[in-house]
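Trainee: Give me a 3D structure for the following:
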Amino acid sequence: MATALWIAHVEVIDAEAYGKYAVLAGPILASFGGNFLARSGRYVQLEGNDRARNVVARFPSVEAAVECYHSPAYQAALSHAKGASHRDLVVVEELGE
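Mentor: From the prediction side, this is the model:
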């Protein structure tokens, strides 16, 4: 089964509330096999909408990433990000070797 990337582009508008989300979300992603590859590091915006926080996490599969997103624990964490950010999130299957 191919691994998958969870890719989020985020504009934080309430740092305190979003910080609560970030603290809670990390362990939840890990519990579904997710691990962070990038989390708010340097970036260069070449096209499209600029969002200063960019997050990439690898999951064992698309299914694991989607299951994580829909889990009650993640949805509870996500409640802190809603209203505290503008986000785009996509899960993309990686190419198999």
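Trainee: for stretch 89-97, which positions count as buried?
Mentor: Neighbour-count burial for stretch 89-97 flags Val91 (criterion: 16 or more other CB atoms under 10 Å). Backbone N, C-alpha and C define where each C-beta goes, glycine included.
Trainee: What's the biggest helix in the protein, counting residues?
Mentor: helix 15-31 (DSSP state H).
Trainee: Next, the buried residues of the following helix or strand past it.
Mentor: Once the chain leaves helix 15-31, the next helix or strand it forms, by DSSP states H and E, is strand 35-39. By 16+ other CB under 10 Å, strand 35-39 has no buried positions at all.
Trainee: So for the longest helix of the chain, mean pLDDT?
Mentor: Averaged over helix 15-31, pLDDT sits at 95.
Trainee: how far does that helix sit from the chain's center?
Mentor: Relative to the centre of its chain, helix 15-31 is centred 10 Å away, using CA atoms, centre = their mean, to the nearest Å.
Trainee: tilt between it and strand 35-39?
Mentor: 150 degrees (axes from the mean of the first three to the mean of the last three CA atoms, to 10 degrees).
Trainee: which strands and helices sit next to helix 15-31?
Mentor: In terms of contacts (3 or more CB pairs under 8 Å, 6 or more residues apart in numbering; DSSP states H and E), helix 15-31 is packed against strand 4-12, strand 35-39, helix 62-70, helix 72-81.
Trainee: hey, C-alpha coordinates of the longest one in PDB?
Mentor: Translated: helix 72-81. Provided in PDB are the C-alpha atoms of helix 72-81 (Å, rounded to 0.1, in the frame of the first residue of the first chain):
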ATOM      1  CA  PRO A  72     -13.400  12.100  17.200                       C
ATOM      2  CA  ALA A  73     -10.000  13.100  18.900                       C
ATOM      3  CA  TYR A  74      -8.800  15.000  15.800                       C
ATOM      4  CA  GLN A  75     -12.200  16.700  15.300                       C
ATOM      5  CA  ALA A  76     -12.100  17.800  19.000                       C
ATOM      6  CA  ALA A  77      -8.600  19.200  18.400                       C
ATOM      7  CA  LEU A  78      -9.700  20.800  15.100                       C
ATOM      8  CA  SER A  79     -12.400  22.800  16.900                       C
ATOM      9  CA  HIS A  80      -9.600  25.000  18.300                       C
ATOM     10  CA  ALA A  81      -8.400  25.800  14.700                       C
END
